[in-house]
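Colleague: Predicted structure and sequence below. I'll ask about it afterward.
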Amino acid sequence: MSGQRAALAAIARAATVPLTIPSGAVKGTGFRITPIHVLTCAHVVTQDAQPVDVVHGNSDTQYRVLHDWLFPGGPDGLDLALLETDVPADTPSAYLAEPVAPGDELWVFGYPDGNYRAGDSASMRLEGLSEHIDGPVLLKGNQGRIRSGMSGGPVLNWRTGAVCGIVRYRDGTHPDTARFVPTTTIFATYPGLAEANRAAARTWLELLADDQIEAAGVCFPGPLMRRYLKAASTADDTHPYAAMLDVRSPLARVYLRQRVATEEHPGLVEASDLLDAGVEAQVLGGPGAGKSSLARHLTALSARRWLDEATGIVVPILITAEALTHGRGLTEMLAEGVVQAFDNDLDRTTLTAMFSNRPFPGADWLVLVDGVDEVLYPSLRDAVLAKIARHRVEGRYRFLLTTRPLPAYLLDRVAERGRYPTFVIEPFGRDELETFAARWFTQLHLPNPAAAAADFGRRVDETGIGQLATIPLIATMLCIVYANAPEQRLPGNRAELYGQFVELLLTKRKITNVRARLATWTGRSGDQAVASGEELLTRTPELLKLLAHSQHHAASALFAGAEPEPVAVIANEVTRPAELSSADWASVIREVLRSCGLLVERRGGFTFIHQTIQEYLAAAHLAEHHPDPRRRPARRLMVPAQWPRPDLEVLTFLAALWAKDGRDLHPVLSQFLSRRHRHDNYRFVLELHLQGVSLPDQTRRKLIGILASWVRDPGRNHEDWRAASRALDQVAPQHAAAVFAEVASSAESWQRRFDSSVRLLAIQPTAGFQALEELAIDERVGGSEQLKAAKTLSEHHPARGIAALARIAAKVDPDNLRVEAAQLVADHDHTRGLELLRAIAWDRRAQDKTRLRAAIVIGQHDAGEALTRLSQQNGLSAWVRLDAATGARTWSIDGGADLVLALVRNTGLDIDVRLAAAEHLAREGAESGIEGFEAIARTESRDTTTRVRAAARAMEIDPAGGLALHLDLVADPSMHGDRVTVGLAAGQRDPSAAATALANLVGKTATFPNSVLSSYDREFWVRAGKAAATLDPAIGLPALDELVFDGRHDLSLQLQAAEAATEVDRDHGLELLRRLAEDSDMAETQVEAAVKLYDLDRWLGKTTVLSLVSRRHPRRLVEERRITLGKRIGRSNQKLGIAVLRQVATDPSVRPKLRLDATTAVTGLDWEQGSRLATQVGGDPAVGVYLKYLKATGDSQ
């Protein structure tokens, strides 16, 4: 044995332990399934049919036998035992898995008795299942020898690499055959073991091959998957903006945990929580919001969880959206995308095959698609989203994609109208900015990072860019700019920041001696080549702007075409020297592009380090070529469009650059605020303000006027209103405060008033308090709206808020809000809150449920006094009274069971309430639990079904008391027919007592409330007797006998009793019918008994029938009865019936009339036989005379 099998065999041996009971009489084997638990067979730890308490293992190790988890052997036993030790083992635990299949190769290790007690093994093959007639299902193995002492040892399945069972015994007649308890039985016997064993067997699992992982069905990454996950775990080793730095900082060292929120539910959640739920979602974020950082962080986090903890529900695949633009199969595109996303040692073919199947059992792929918005060409972006939507529907892959905000129609398409949630990345808080900066400054090797971060925070506050500084990219760029020159002023707007940042990166080439290295290279080809190289370096800023503009221009919807190749763009602008070939010139251009610090090289091409860098440079190119925004060509660049607009970043940068150069922006911006375009395009002007661009006074006033009119407009939809109010607050807070105060006091819409009041709080708190207070007491709005206003007010001004809440708690209408208002008061003022709650609980005008809610809250403070009072008030709903009583039990020192029991005994309450009360007492384990059900069961009622249910529940709680109750109910006439039901139930506990009670009912007139017997009453006797006989034949059958032979009873009852007896004891019942037929003095009884007997037993019935018509029978039936018997029997047995009738018809001693009646009856059974018999009988002289007489007298008979 070598290789992987040898490693598994070694770990199996290490997990297996020899076991010996203290007397040494029994030796066996066990194996570790957790660090402190050993599994073995019960017979290994048993001596003289009794389990021992302690078992000896290796050296001085002892194991306690857990008697509660020991299941003895024997033909019908499981033969399993669980042992425990106090000291966890430092050796691995075996891994158990259920899958098996006939033909599986097995390997067993154990410690047999004798010379090989040090350990022995056996190879076997699984034949299949084996089931003893009295016992559980086992596994059967053959082609190997199991020795005595190996019982309890592990059975390793080479196909799954896991233990599939435990050795139980070897076959006594076939030495090469053994049987094993399967892992399926082990897991079913020990709940929770499967999970505990998987957690403990990590070392074992790491030895399994990929095909064994799949065969075992274990949620654990195999060797190939671990190689992939190890590579994926490095996704955040390099920061997405690493090209901006002189150091390669791992993302994890500067990353701040990001939070996301949905637009529908704005509560923040940790972005990493998306992994825990395996959420398929869209994550939106503005430029620089940290979308790529989030995707990389989630990828690395998920991979590390699998590697370190083997936990999760999804396995990450990180790709850029660009990877999905190629016309290949999805798995091929995923493989190509992973190769580009992070370093790994798996080739594309291996990755393609891996991504074609599920990662491993219990896990799914989560494809993290980064930068959908960075697919600049609209047609390609639409195709990417269509692919994602299609594959989501197919369900083989989950998708989480990051992007800038998309047009609504595209977002709806990929989100399938909300089926897949959309989250928005929230900026980190202003209080987190200094922490973020300190981490960067540590990586940038500033002398005192903490002090620098504090100074950085102050400097940010002094500029107009503080609001943007909470965006990760902006914060990163600010940190780099600050670290480069801590004494300089920080940029005042985003365009200025980008300008300084670009200039900073371009200056890095001086430090790296790019010019000297390039001159050395090109100098080999002559002076013209050197001059051309110098021109490239000198014009790099200009060329980068041209390149950025070319890419932006080519990707616009109007001019969409092939993506410009960077080297070709530069080569077309700078003339190639004659001394250099086209290939060499392209190499020179590539070297210059590599050295600029603003581009990264991927797959032989160049892209800007961030999309916003490209957008800034494209804007800079436009600003240089169109410096005056008043000129028509410039104004054509800046035209209104629908929101969100794809060129937003380029145009805002362009406007900022114009403003920096002192150009008047009002002429170009005024068209954005025209009546025709303002609805969509005011956001563009607002965006300039948010980016720190100083708006012209005229433009600012116009924007403020538009926003204020919208905020005042009652007809504006609420989504637009909120956007306008937020924008007004951002542009002119004090002006906004005046407008909000106006709307808060006069608007028709409560929501507008409330939102205006809340916004007012942030600007002018005193005015906000007043607005909320007025809203909370305004009778014109709904109660829930008043409560919301009062609650919000209490969060900002407790005193005024409590007063408003108290007013709501004191009102009768709306009743359902009073308790919540009083609770909120109690949170701030305990005494006053309790007073309000008591007032509600005692208020008879309040709804019952409201009073109950108040009492429950009070119960947390006064031990249930209010609940006790409510439970005793007759005017309340019975269900509310029950809830009050059960609630009082929670807070009562003595348990308060008497309150619940009082409701049980109250016959005026609905029976369902009483049953629920009794059930509560029983469920809570109260001694009075049986009393409740007994009270219901003993209460006379037409609803005997409920009484039966109550009695049954009482017997579940107290078997002895419940039995006595059942026996009493058997004797209770008010239980009517259900006495049999409770009697049978009692028989489950005491058959003889129950049978006696039922037998005592049989034949007793006093059994019934009235003394007038009905057919139902007589049938009841039969049912009672049969039930008694079923429980105890010795008691019940005599009662049925008495019914059969008591001449006071009618024939129907006698026959029913006899038939019931046959259902319990067939021979006894048949004998009753035979005796009734042959010994009865009543001919009718004889006939009916014989017919019933014949129906139940043909042979005995035939014998009895023939006996009854025999001349020798002492109670031979008279002719009329024999004719009746013949007719009845003839329906079942024509031959026998005709024989009985023929006997009468052919008997000369019988009167002619009866002979003719018998003949007619035969004709009814068989026309042909009847005709012949009629001829025969008609030929008899006596019959002939009788017929002539009839004819003469005209008797039609």
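Modeller: Perfect, I can see it now.

Colleague: Buried ones in the top strand by length along the chain, by neighbour count?
Modeller: Looking across the chain with DSSP state E, the single longest strand is strand 120-131. By neighbour count on 16 or more other C-beta atoms under 10 Å, the buried set for strand 120-131 is 120-122, 124, 126-127. (Each C-beta comes from the backbone N, C-alpha and C, glycine too.)

Colleague: mind listing what the residue positioned nearest the centre of the chain touches?
Modeller: The residue lying closest to the centre of the chain (C-alpha atoms, centre = their mean) is residue 277, at 9.7 Å. Shown in contact with residue 277 (C-beta atoms under 8 Å, 6 or more residues apart in numbering): residue 313.

Colleague: in the chain, which helix or strand is least confident?
Modeller: None of the helices or strands of the chain scores lower by mean pLDDT, DSSP states H and E than helix 251-254, at a mean of 50.

Colleague: any idea where the helices of the stretch 901-1050 of the chain begin and end?
Modeller: Counting by DSSP state H, counting those that start in this stretch, the stretch 901-1050 of the chain has helices at residues 911-923, 929-938, 944-957, 959-970, 978-987, 991-999, 1015-1031, 1033-1045.

Colleague: same deal with the stretch 601-750 of the chain?
Modeller: Under DSSP H, counting those that start in this stretch, the stretch 601-750 of the chain gives helices at 611-625, 632-637, 648-660, 666-670, 678-690, 697-712, 718-731, 733-746, 750-763.

Colleague: quick one: contacts of the third one?
Modeller: By C-beta under 8 Å, 6+ apart, the list of residues contacting helix 648-660 from outside reads 287, 493-496, 498, 552, 611-612, 615-616, 618-620, 622-623, 627, 629, 637-638, 645, 665, 668-669, 684, 687-688, 691-694.

Colleague: likewise the longest one?
Modeller: If you take C-beta under 8 Å, 6+ apart as the criterion, helix 697-712 is touched by 665-666, 669-670, 673, 678, 682, 685-686, 689, 695, 716, 720-721, 724-725, 727-728, 731-732, 735-736, 739-740, 742-743, 756.

Colleague: Over to the fifth one?
Modeller: Contacting residues not belonging to helix 678-690 are listed as 467-468, 640-643, 645, 648, 651-652, 655-656, 665, 669, 672-673, 695, 699-700, 703, 706-707, 720, 723, 727, 730-731 [C-beta under 8 Å, 6+ apart].

Colleague: for that helix, what is the average pLDDT?
Modeller: The average pLDDT within helix 678-690 is 94.

Colleague: got the buried residues for that helix?
Modeller: Residues of helix 678-690 classed as buried: 678, 681-690 (neighbour count, 16+ other C-beta under 10 Å).

Colleague: Could you do the longest one as well?
Modeller: Under the neighbour-count criterion of 16+ other C-beta under 10 Å, helix 697-712 has 699-700, 702-704, 706-708, 710-712 buried.

Colleague: With the last one instead?
Modeller: In terms of neighbour count (16+ other C-beta under 10 Å), helix 750-763 has its buried residues at 750, 752-761, 763.

Colleague: try the fourth one
Modeller: When burial is assessed from 16+ other C-beta under 10 Å, helix 666-670 yields the following buried residues: 666-669.

Colleague: Kindly report the same for the first one.
Modeller: By 16+ other C-beta under 10 Å, the buried positions in helix 611-625 come out as 611-623.

Colleague: Mind telling me the two of these farthest from one another?
Modeller: 611 and 623 (18.6 Å; C-beta to C-beta).

Colleague: how does the protein divide up, domain by domain?
Modeller: Using automatic domain parsing, the domain parsing of the chain gives 3-216, 223-426, 433-492, 510-616, 635-754, 904-989, 1002-1010+1023-1193.

Colleague: chain center to stretch 964-972, what's the gap?
Modeller: 48 Å (C-alpha atoms, centre = their mean, to the nearest Å).

Colleague: and if you look at stretch 458-472?
Modeller: 43 Å.

Colleague: now what about it, what contacts it?
Modeller: Residues contacting stretch 458-472 (C-beta under 8 Å, 6+ apart): 256, 286-290, 293, 427-430, 432-433, 436, 474-475, 478, 482, 489-494, 497, 690-692.

Colleague: List only buried entries from these.
Modeller: The buried subset of these - by 16+ other C-beta under 10 Å - is 256, 286-290, 293, 427-428, 433, 436, 474-475, 478, 482, 490-494, 497, 690-692.

Colleague: quick one: residue 597 is in a strand?
Modeller: No: counting by DSSP: H, G, I helix; E, B strand; the rest coil, one finds residue 597 to be coil, located in no strand.

Colleague: Check the gap between the residue lying closest to it once chain neighbours are set aside and residue 474 for me.
Modeller: What sits nearest to residue 597 in space, not counting adjacent residues and going by C-beta to C-beta, 6 or more residues apart in numbering, is residue 505, at 3.6 Å. Per C-beta to C-beta, to the nearest Å, residue 505 is found 16 Å from residue 474.

Colleague: try residue 1053
Modeller: Per C-beta to C-beta, residue 1053 is found 100 Å from residue 474.

Colleague: could I get the buried residues of strand 120-131 as a markdown table with pLDDT?
Modeller: Shown next, in a markdown table, are the buried residues of strand 120-131 (pLDDT from 0 to 100):
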| residue | pLDDT |
| --- | --- |
| 120 | 92 |
| 121 | 93 |
| 122 | 93 |
| 124 | 94 |
| 126 | 95 |
| 127 | 93 |
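
Colleague: Verify the contact between residue 1021 and residue 1042 for me.
Modeller: No: applying C-beta atoms under 8 Å as the test, residue 1021 and residue 1042 come out as separate, 9.6 Å apart.

Colleague: tell me, what's touching the two both at once?
Modeller: Counting by C-beta under 8 Å, 6+ apart, the residues touching both residue 1021 and residue 1042 are 1002-1003.

Colleague: what about those two, which has more around it?
Modeller: Ranked by neighbour count (other C-beta atoms under 10 Å), residue 1021 and residue 1042 place residue 1021 first, with 24 against 16.
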